[in-house]
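Trainee: this is the structure alone, sequence omitted:
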């Protein structure tokens, strides 16, 4: 029986966004053009005041006017009656927030929109959420999407993954718009893997840009990075077609080619000689790739998957290797057949 049966009599579901960073705010903008009111939960009083009083999220998405129908709150209790909740709290901070939410709301569909892997547990966000929410209440939203583009209503297409097709279709009618197209999938793991790993690979591509190694090198790194994503995805049970779609290859292409990406710009700074702690300390938003790199490397170890690019990024971020050393190690890898590498991880 589909989870949506409980909503059969709900003509207009109540929708909330949990997390008021740039991405959460952008999603609230999409929803606000379709629904009468959107509740946006923020952890910072400054953000709540800015959204409610100036209709702009000045700390995280400055310069983008917000619909007045977005109402910010710092009280998690205000989400207790929501029918659909988009969870956009960064991956490393999600677990306690999800636990608190579960104690307040035992009915809502939870759409996971944060891209990352929890470092301590090596779990995807859906695994973290399942500790508190029934699997049939979970979905994943992921794909190539910069927050500023989405908030301004520029055309975007994403993957909406849900184990139950009927539930996914119901969610799509309330989340998607003409300019924010949702393509349905039943592969939750695949949708999450793409979103998490592309952030690490974007740091690598940013390093290439910062070192001035050229567009050919960046393209090669992106392509080989996709192989690494596919290897780990296969080990975790993801479908190849998901990884070659919007939430995998699509997101990888976008994030690995633009300074608009926080992860790419972090990599560029590293390539230019800056220290990771200096760059990250100057930012008020999370570069998820820096937070997930160690978890990706650990998952690769756990499943015996060869991921040299992701390992190199983790080595640089952890201080175990310098940028030049990591690049030289990658260039010194033995020659192998391209297809054999993809299949066997040689």
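Mentor: Cool, the structure landed. Computed from a predicted model, the values in this text were never measured in an experiment. Numbering: from 1, shown residues only.
Trainee: dihedrals phi and psi, residue 70?
Mentor: Phi and psi for residue 70, reported as degrees, to the nearest 10, are phi -80, psi 120.
Trainee: what sits against it?
Mentor: Counting by C-beta atoms under 8 Å, 6 or more residues apart in numbering, residue 70 touches 25, 28-29, 32, 37-38, 40, 51, 55. C-beta: built from backbone N, CA, C; applies to glycine.
Trainee: show the end-to-end separation of stretch 148-155, please.
Mentor: With C-alpha to C-alpha, to the nearest Å applied, stretch 148-155 spans 11 Å between its terminal residues.
Trainee: buried residues in it?
Mentor: 148-151 (16 or more other C-beta atoms under 10 Å).
Trainee: same check on stretch 237-254?
Mentor: Quick answer for stretch 237-254 (16+ other C-beta under 10 Å): 238-239, 242-252, 254.
Trainee: the helix or strand that contains residue 25 packs against which elements?
Mentor: Per DSSP states H and E: residue 25 is located in helix 22-32. If you count contacts as 3 or more C-beta pairs under 8 Å, 6 or more residues apart in numbering; DSSP states H and E, helix 22-32 packs onto strand 15-18, strand 38-41, strand 70-73, strand 84-87, helix 147-151.
Trainee: give me the phi and psi for residue 272.
Mentor: Torsion angles, degrees, to the nearest 10, at residue 272: phi -80, psi 0.
Trainee: where does this protein have low pLDDT?
Mentor: 1-11, 283-286, 339-346 (pLDDT under 70).
Trainee: which SS class is the residue nearest to residue 279 when sequence neighbours are not counted?
Mentor: Using C-beta to C-beta, 6 or more residues apart in numbering and skipping the chain neighbours, the partner closest in space to residue 279 is residue 269 (4.6 Å). For residue 269, the assignment made with DSSP: H, G, I helix; E, B strand; the rest coil gives helix.
Trainee: burial measure for residue 269, as a count.
Mentor: Counted with other C-beta atoms under 10 Å, the neighbours of residue 269 add up to 21.
Trainee: and what of the one 5 residues further on?
Mentor: Other residues near residue 274 come to 14 when the count uses other C-beta under 10 Å.
Trainee: tell me where the stretch 1-150 of the chain has helices.
Mentor: Secondary structure of the stretch 1-150 of the chain (DSSP state H, counting those that start in this stretch): helices at 22-32, 45-49, 94-104, 125-129, 147-151.
Trainee: among those, which is nearest residue 287?
Mentor: helix 22-32 (12.0 Å; C-beta to C-beta).
Trainee: measure the residue nearest to residue 279 to residue 40 for me?
Mentor: 30 Å (C-beta to C-beta, to the nearest Å).
Trainee: next one: residue 296
Mentor: 30 Å.
Trainee: and if you look at residue 258?
Mentor: For residue 258, the distance to residue 40 - C-beta to C-beta - is 26 Å.
Trainee: of the two, who's got more company?
Mentor: Between residue 258 and residue 40, counting by other C-beta under 10 Å, residue 40 is the more crowded of the two (30 against 15).
Trainee: the more buried one against residue 17, yeah?
Mentor: Yes: Residue 40 is within contact range of residue 17, at 4.9 Å (criterion: C-beta atoms under 8 Å).
Trainee: what's the overlap in contacts for the two?
Mentor: Joint contacts of residue 40 and residue 17 (C-beta under 8 Å, 6+ apart) are 24-25, 28.
Trainee: and those, which are buried?
Mentor: 24-25, 28.
Trainee: let me know whether residue 162 touches residue 184 as I believe.
Mentor: Yes: if you go by C-beta under 8 Å, residue 162 and residue 184 touch, sitting 7.3 Å apart.
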